[in-house]
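Novice: A predicted structure for the sequence below; I have some questions about it.
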Amino acid sequence: MHKIATPLLLMFSLACGIHPAAAQAPTTRPSPLLQSVPARIPPPDAAFRAAFDAANRGTLDDLALAGFAAHPLAGWLEYAALRSRLDTLPVARGNAFLARRQGEPVATLFRADWLAALARRNEWQAFLDQWDDTIDAATLRCLRLQALMAMNRADAAWTAAAQALWRSSGRSLPAQCDAPLALLAAQGGLTDALRWERFDKAADAGQAGVMRAIAAGFGGDDATLALRYAAYLDAPDANVADWPVTPRSRLVAAVGLAMLAKADPDRTEALLPGVAQALAFGDAEQGRVRYQIALWTVASYLPDAARRLAAVPASAWDDSLHEWQVREALARRDWAAALAAIQRMPEAQRGDSRWLYFAARTRELTGDGAGAKALYAQAARKPDFHGFLAADRLDQPYALCPWLPPPAPAAKLAVARDPALVRAVQLYQLDRRGWATREWDAALARFTDEQRRLAVEVAQDNGWFDRGVFGLVNVDGKRYPDEQRLYGLRFPLHHDATLRREAARNQIDPAWVAAEIRAESVFDPNARSAADARGLMQVVPATGAAIAAQLGLPWQGGDDLYDADTNIAIGTAYLRQLMDRYGGQPYQVIAGYNAGPTPLARWVAQRPDMEPDVWIETISYKETREYVARVLSFSTLYDWRLDGTALRLSDRLRGITTGPRKGFACPAAEPAAPAPRTPPARRRRG
């Protein structure tokens, strides 16, 4: 939240702006006493909630609906009421709703449902009357083609639209497209050239089923060849000698072998030379296959990884493969090879704090202490996992330059009164997350950057904490890097009394518990994953029941995990159990919390005595590797939020909670590089 800046903080903010002569300025922890006044948006009352429930059941009559005409969520209430009767709703009523709500997110959602219902009812003219050319959903676009067919309007424009749909994807199209595409074919609008065009897209996407469907439209030798191509994706082999030596044959063979490499890189490597020779593979095809052979070998730390990486053509290398080359060398403890792999990375990639840190680490391990120190100093300027580790290596404060904008109460109040934002927050309070996000996006599309930041603050005032993640830094395809410094918004803190109590009860670092909640749910007590993990710490019901029984907590079922106090008590006790099981090593516990016990056991067995920083970097699952680093860096930031100082991260990841604590400081600005001088006589036009 926005804080009142003390003179010290104002001076510090100038330093982070950054003043050219600034030294490291100490970072003050934001005080809860300096928060701006919360802007509360009243949640829907009991009467509205009852009406909303009735609307969702299809039992809210029009008279009751009219009683809420002035409510901020009147449009959404009516939408909920109309949804259950779309198949019998009078056309005039549906059209009137769209007219009244024109320009609102609810109208966009209703229009899609209404068009689908009108199609089911064969109300084709009504469908066309309500069509919006901005709609890009393939299902609705195909229904529009059906509507035009029904109205005898399958003209040249219809043909062009149907052909564009055909070209749009190499993946399967909705069943609603079958009739228009059948008519297109019957009218001669699907030429063999168009069929092959989409066939190639399907091949490139690895869609053998789509390739077979397209093959059915060919005749004679073309059909036979197309079916052979499709079969190759399912079971690649060496039998390509009688294929035509064409770009299409090379594409299909390269895709098939690349797909095989994910499951069997050894067999793929054995097949590649013969197939490549028969079809005259170029660098593109060789690169596509050898990339996958190398990637799936190194990602599993199989033998021959280094050789297979070396066989990938230079044109096929990307950032991911460069990273895996480093990890493969780290896993073998070949520090010189790891350093060489980092040095082969593109300059921008080498400048990331992760690779600055490991360049320093491997220099240190190969005896170059001075070179290591210089690289650690660069990495330590970053307020992230590897930056904090680098600062530990140098025994210096952690880099943190919080942005503390002064309170803007009038502007904040105006944002809190914005109708779209009110609707967004109230829909969130009704647990209609998708609808709430639509209103949120509509509001942000109109807001200035300051209003957007204030909207995040308003959302968090009302318990919608994840807006600090989804409303800042990366928004609608635009990046705002300075907003990374809005730590008070990006790292919300709630239920901290319960968090501290349960952490103390289980002898767990409270900053770690807060970090787990931030990583798992962003403090949303009603969060639920696809795997049925629930609540703040994303506990599955089976684990919740078992731990509740051990703790003697009341347990009525999985929904108890939506209670914040219960979830924190159970989740923190579970962390304690994992700590006891894995020898008190938080970095391994965090990996197991994310990936589960089986992968963790494999990683521990493979690299039992490896240093934690290298062990984390060589975790084979990207999600878990990033998760461990994220939770540990979040722990450092939450330590700052809770206490103003932090445990050394290098101690924290080993479970040492009694070691020295460190402060935070904003690094001095680096001198700007002089601009290159352009000779005045050499100006170029345009």
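Specialist: Structure's in. What do you need?

Novice: phi, psi for residue 136 please.
Specialist: The phi/psi pair for residue 136 (degrees, to the nearest 10) reads phi -120, psi 0.

Novice: what about it, distance to residue 477?
Specialist: 16 Å (CB to CB, to the nearest Å). C-beta here means a position set from N, CA and C on the backbone, and glycine is covered the same way.

Novice: neighbour count: the two, which is higher?
Specialist: Higher neighbour count among residue 136 and residue 477: residue 136, with 8 against 5, using other CB atoms under 10 Å.

Novice: give me the pLDDT for that one.
Specialist: The model reports residue 136 with a pLDDT of 94.

Novice: now residue 684
Specialist: Per-residue confidence for residue 684 comes out at a pLDDT of 34.

Novice: mean confidence score for the helix or strand hosting residue 113?
Specialist: Using DSSP states H and E, residue 113 maps to helix 105-120. Here helix 105-120 scores 98 as its mean pLDDT.

Novice: what lies in contact with it?
Specialist: For helix 105-120, the surrounding residues in contact (CB atoms under 8 Å, 6 or more residues apart in numbering) are 75-76, 79, 82-83, 86-87, 89, 91, 94, 97-98, 101, 124, 126-127, 130-132, 135, 137, 139-140, 143, 146-147, 176, 420, 435, 438-439, 441-442.

Novice: kindly report the same for stretch 491-511.
Specialist: Under CB under 8 Å, 6+ apart, the answer for stretch 491-511 is 460, 463, 465, 468, 512-514, 517-518, 522-523, 536, 564-565, 568-569, 572-573, 575-576, 579, 586, 634-639, 641-643, 646-647, 652, 657.

Novice: among these, name the ones in strands.
Specialist: 646, 647 (DSSP state E).

Novice: can you give me the helices in the stretch 251-400 of the chain?
Specialist: 265-279, 283-298, 305-310, 319-331, 335-343, 347-350, 353-365, 369-379, 385-394 (DSSP state H, counting those that start in this stretch).

Novice: next, count neighbours for the nearest residue to residue 531 once chain neighbours are set aside.
Specialist: For residue 531, ignoring the flanking residues on the chain, the nearest one in space by CB to CB, 6 or more residues apart in numbering is residue 540 at 6.8 Å. When neighbours are defined as other CB under 10 Å, residue 540 has 14 of them.

Novice: contacts only, for residue 540.
Specialist: Residue 540 sits in contact with 531, 532, 533, 534, where contact means CB under 8 Å, 6+ apart.

Novice: quick one, phi psi at it?
Specialist: Per degrees, to the nearest 10, the backbone of residue 540 is at phi -80, psi 150.

Novice: could you check how far residue 324 is from residue 254?
Specialist: 20 Å.

Novice: with residue 151 instead?
Specialist: 45 Å.

Novice: tell me which of these two has more neighbours.
Specialist: Using other CB under 10 Å as the criterion, residue 151 and residue 254 rank with residue 254 on top: 26 against 12.

Novice: contacting residues for that one?
Specialist: Counting by CB under 8 Å, 6+ apart, residue 254 touches 281, 284, 285, 288, 289.

Novice: between which two of those is the distance greatest?
Specialist: 284 and 289 (10.0 Å; CB to CB).

Novice: looking at these two, which one has more neighbours?
Specialist: With neighbours defined as other CB under 10 Å, residue 284 and residue 289 compare such that residue 289 has more, 29 against 14.

Novice: the more buried one reaches residue 270, doesn't it?
Specialist: No. The pair residue 289 / residue 270 is not scored as a contact, 11.9 Å apart, by CB atoms under 8 Å.

Novice: ok, residue 280 touching residue 253?
Specialist: No. Applying CB under 8 Å, one finds residue 280 not in contact with residue 253, separated by 10.6 Å.

Novice: more crowded one of those two?
Specialist: Each of residue 280 and residue 253 has its neighbours counted (other CB under 10 Å); residue 253 has more, 27 against 11.

Novice: pull the contacting residues for that one.
Specialist: 232, 236, 240, 243, 275, 279, 281, 285.

Novice: repeat the analysis, applying 6 Å as the threshold.
Specialist: 240, 275, 279 (CB atoms under 6 Å, 6 or more residues apart in numbering).

Novice: wait, which of these is closest to residue 224?
Specialist: Of the contacts of residue 253, the one sitting nearest to residue 224 (CB to CB) turns out to be residue 240, at 14.5 Å.

Novice: neighbours around the nearest residue to residue 173 once chain neighbours are set aside, how many?
Specialist: Setting aside the residues directly before and after it, residue 173 is nearest to residue 138 in space (CB to CB, 6+ apart), at 5.9 Å. Neighbours of residue 138 under the rule other CB under 10 Å: 17.

Novice: next one: residue 138 from residue 352, what distance?
Specialist: On the measure of CB to CB, residue 138 and residue 352 end up 38 Å apart.

Novice: check residue 315 too.
Specialist: Applying CB to CB, the value for residue 315 to residue 352 is 23 Å.

Novice: that concludes my questions; thank you for your assistance.
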